[in-house]
Structures are given as C-alpha cells and as structure tokens.
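Trainee: With the input below, show me the fold.
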Amino acid sequence: MAMVCPRCRNSFNDRMLCPTCNVRLVPSGSSTYELGPSAAPAEPPRWQQTYLGRGLVGLMVAQGMYYGLWQLCTAVVVASTEDVNRLEWGRTTQGWLLLVVLQGVSLIVAGGLAGAGQRHGIAIGLGIGFVNSLLWIIMQSTIGQMVYAEEVYGQPLFQVICGGLGGYLGSTIWKPMITLGRRPRSIAAIPNHQPTPHRMRLLNAFKGPVAWFRVCLGVLTGIAGSVWANLILIYIVSGSKGLMTVQSTRQALFVTWEISVLLMLLAGAVAGANCRNGAKQGLVVGLICCFLLIMVYVQGGLEIIPQNLLFQAPSLLHLNLGLPGATATVIFTFLSVFPLAILGGWFGGELLPPLLHRPGGSRWTTPIGV
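Mentor: Below you'll find the predicted structure:
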C-alpha cells in the first residue's frame, strides 16, 4: 500500500518515515486524518497544562508532601520517645538533616510531576524550587522560628537545584509528544472552527442545573464546620492527651479559622463533585450558608462567625470600616464564605468530574448517584 507524507504529500512504498520531513507516513486515502500542510486550529490548553498551572500544582505538591511527611515524622518521634524534650527534636542536628532530606525529596517529586511531558521541564522545576524556598523562609519567620543567614542564602540554592533536578527527570522519563502536523477530519470538517474563548469557558462554569441533593450535603457540611469549629479544636486538643496544646488565644482563634475554612472548602467540593458546573454548585452552597450563618449569629448561636475571625478579631487582623457590628458581620460573611464555597465547588468538579453520560440525560451531571 502506498504511504503518503502528511506534510509534503510525497508518496513512498518501502518506508515508514518521510526522508524529508522525518514524520510518520500515513496510508493513502486514510479516513482518520486529512492531509494538508496546515494544522487545524486547536482548542487552547486548559490551565493545568500551561506552565503557570503546572508550576502551581507542583508547588502545592511540594508544600503538601513536605509538611505531611514532617508531621508524620514528628508524630513517630513523639509517640516513641519518652524524653521530656521530644517536642524540640526538630531543632537538633538530626532533625535539621531530616528536614533537608524531606525538602529535597518533595521538590524532586513535585518537579518531576510538573515537568513530565514538557519541553521546558527544567525551567518549571527551577521556578518551583525558588518559590518554595521563599515560602519556607516566610513561614519560618511567621511562626517565630529563627532563620539564620546561611539558610537565607542556602535554602533557595538547594531547593532550586532539587526542583530543577526533578523537572529534568520528569521531562526525560516522560518525553514530550511530537507534533506530526496532522489534523483530524472531525475538526477539519467544521467550517470556521474557532477555539472557545476563556470568557465563554468561565460563563459555562455557571450554566446548567443545580444538583440540589449535593448542595444540601454541602450546606450541612459548611454549617456544621462553622458552628462546631471551636468544639472540633477542643476535641482535638483533649484527645491528644497533652501532646497538643494551644499557647494563646490568638493561636486558638487562628486554628479555629483554619478549621472553618477547610470545612467550607470541603462543603463546596462535596456539592461540585461529579458535576460539570461545580462552580455553580459552590455558588449556591455559599449563598445558602451565608444566610444560615447570619441567622444563627443573630439568634445568638455564634459569638462570631469563624470565617470572619481574620477580619473582626482584634488580635488578628482588625479592619475598622466605621460600620455597625451587624452590617460588618454581613459584609465580611459574604466576602469570606462566598469565595470559599465557589472555589471548593470548582475544585470538586475538577477533581471528580463526571465520567458517564446517558443518552438523553443531562450533560451537566451523571446518572450515577444523584
């Protein structure tokens, strides 16, 4: 069978690659691809496939993996050691060496994942390492840990090297795909095919029906996490049998705020999971949670809405706008709860997208579950 080059259209009978273009030949009259010198307009890549998106995902992997492994090692040391100074082991030489190893491993893994299939994987890994080093220095200064001059200069260099190594390994093991200059007939047959603008994609995220059952589950999760955030903190501290303590009122307020924020994100993710319009599900959850939290606050069930602690607690970040207390509470509730729920719904839809679609059914949800 005669083989044809999709670029130069020359025909060959005894080879699989074009000697001029160095691309794979396709059978003459193939129905899969249309032969032509120009490529069809393609859809723009999703944010996860851009350099910035991959860097952001790699940075989150590096941070989560490092702090998760560090907490695991701390728990093992605390549980297996009877020394009164076991909580200070992280400041010893062994603790410092373990910290460096965990940082290096986390950055290599994160750089490898971000650089996989990318032509500039090393650059992505270098960027992840540099930003991660800045975040580490800022975090150490925020929690009151002393940062030495050697760490200020050495940490960025060390983490940049580890991130770049991970990016190199990722792009070497998972090599980028080679574009052959072919286009599917399905796209070429569409007249005046134009990629979907980003603005239209943003509007599509808020189209479609509302999955009310998932929304109700999300609302219950968000309200429970807000009303019981302080009780959850008390339960965690009492269940640790003295191993975990709250040093000050400011720390207790901050941890309570973290718990409420995490559960509000989870509420949006529960509502947006298995839906194509997860952001819309999160928007509905945020709207309902705002009204219910304000009602509970007005009835005296809450001294302060926990998501507003950073705005209204004098010991944290007090914003004096000259507004009455109730008005400020309403404004800050919408400013804090609304974005968290929408972000959680979008994340739930991206993390757990719908997999099946029944003929004649809704294209926004799946027949599995509700």
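
Trainee: which residues of the stretch 51-200 of the chain fall in helices?
Mentor: Taking DSSP state H, counting those that start in this stretch as the test, the helices found in the stretch 51-200 of the chain are 51-80, 93-115, 121-142, 149-173, 185-188, 198-204.

Trainee: what about those, which gets the closest to Gly345?
Mentor: helix 198-204 (13.9 Å; Cβ to Cβ). All C-beta spots, glycine's among them, are computed from the backbone N, C-alpha and C.

Trainee: what does the average pLDDT come to for the helix or strand following the closest one?
Mentor: Scanning forward in sequence from helix 198-204 by DSSP states H and E, the next helix or strand is helix 212-227. The average pLDDT within helix 212-227 is 92.

Trainee: Just the buried positions in helix 212-227, please.
Mentor: Across helix 212-227, burial judged by 16 or more other Cβ atoms under 10 Å covers 214-215, 217-219, 221-223, 225-227.

Trainee: same deal with stretch 71-84?
Mentor: So, applying 16+ other Cβ under 10 Å, buried residues of stretch 71-84: 73-74, 77.

Trainee: Would you reformat the residues you listed as CSV and include distance to Val330?
Mentor: Below are those laid out as CSV (distance: Cβ to Cβ, whole Å):
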residue, distance to Val330
Cys73, 44
Thr74, 41
Val77, 46
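
Trainee: can you list those in a markdown table and add pLDDT and distance to Leu99?
Mentor: Listed next are these as a markdown table, based on pLDDT from 0 to 100; distance: Cβ to Cβ, whole Å:
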| residue | pLDDT | distance to Leu99 |
| --- | --- | --- |
| Cys73 | 82 | 9 |
| Thr74 | 77 | 11 |
| Val77 | 75 | 13 |
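
Trainee: List just the nearest of those residues to Phe334.
Mentor: Comparing the buried residues of stretch 71-84 against Phe334 with Cβ to Cβ places Thr74 closest, at 37.9 Å.

Trainee: Show me where the stretch 201-350 of the chain has its helices.
Mentor: Under the criterion DSSP H, counting those that start in this stretch, the stretch 201-350 of the chain contains helices at 212-227, 229-239, 249-272, 278-298, 309-312, 325-351.

Trainee: Run a quick check on Phe338 versus Gly286, I expect a contact.
Mentor: Yes. In this structure Phe338 lies within contact range of Gly286 using Cβ atoms under 8 Å: 4.4 Å.

Trainee: Please identify which of those two sits among more neighbours.
Mentor: Just comparing Phe338 and Gly286: by other Cβ atoms under 10 Å the higher neighbour count belongs to Gly286, 28 against 19.

Trainee: contacting residues for the residue nearest to the more buried one when sequence neighbours are not counted?
Mentor: Distances taken as Cβ to Cβ, 6 or more residues apart in numbering place Ala341 nearest to Gly286, at 3.0 Å, with adjacent residues excluded. Residues near Ala341 by Cβ atoms under 8 Å, 6 or more residues apart in numbering: 218, 222, 264-265, 267-268, 271, 282-283, 285-286, 289.

Trainee: And the furthest pair within those residues?
Mentor: Farthest pair in the contacts of Ala341, by Cβ to Cβ: Leu265 and Leu283, 13.9 Å.

Trainee: Compare neighbour counts for the two and give me the winner.
Mentor: Leu283 (24 against 21).

Trainee: Contact partners for that one?
Mentor: With Cβ under 8 Å, 6+ apart, Leu283 has these contacts: 206, 338, 341-342, 345.

Trainee: Take those residues and write them to CSV, including distance to Ser11 and pLDDT.
Mentor: What follows is the contacts of Leu283, written out as CSV (distance: Cβ to Cβ, whole Å; pLDDT from 0 to 100):
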residue, distance to Ser11, pLDDT
Phe206, 51, 75
Phe338, 62, 89
Ala341, 60, 92
Ile342, 56, 91
Gly345, 54, 91
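
Trainee: need these in CSV with distance to Gln155, can you?
Mentor: Formatted as CSV, the contacts of Leu283 follow (distance: Cβ to Cβ, whole Å):
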residue, distance to Gln155
Phe206, 42
Phe338, 37
Ala341, 36
Ile342, 35
Gly345, 36
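
Trainee: Select, out of the helices of the stretch 51-200 of the chain, the one closest to Arg24.
Mentor: helix 185-188 (17.5 Å).

Trainee: Might one say that Arg214 is in contact with Cys275?
Mentor: Yes. At 7.1 Å, Arg214 and Cys275 qualify as touching, with contact defined as Cβ under 8 Å.

Trainee: now, among the buried residues of helix 212-227, which is nearest to Cys5?
Mentor: For the buried residues of helix 212-227, the nearest to Cys5 is Arg214 (51.3 Å; Cβ to Cβ).

Trainee: Count residues in the vicinity of the closest residue to the closest one other than its chain neighbours, would you?
Mentor: Using Cβ to Cβ, 6+ apart and skipping residues adjacent in sequence, the residue nearest Arg214 is Ala271, 4.6 Å away. Ala271 has 35 neighbours, counted by other Cβ under 10 Å.

Trainee: Show the pLDDT at Ala271.
Mentor: pLDDT, Ala271: 93.

Trainee: do the same with Asn13
Mentor: In this prediction, Asn13 carries a pLDDT score of 76.

Trainee: swap in Tyr51?
Mentor: In this model, Tyr51 is scored at 79, pLDDT.

Trainee: Over to the one 10 residues further on?
Mentor: In the prediction, the pLDDT value recorded for Val61 is 90.

Trainee: For it, which non-adjacent residue is closest in space?
Mentor: Using Cβ to Cβ, 6+ apart, the closest residue to Val61 is Ala110 (4.2 Å).

Trainee: before we move on, the earlier item: would you check that the residue nearest to Arg214 makes contact with Leu217?
Mentor: Yes. Using Cβ under 8 Å, Ala271 makes contact with Leu217 at a distance of 6.8 Å.

Trainee: and Glu303, how far is that from Phe347?
Mentor: 30 Å (Cβ to Cβ, to the nearest Å).
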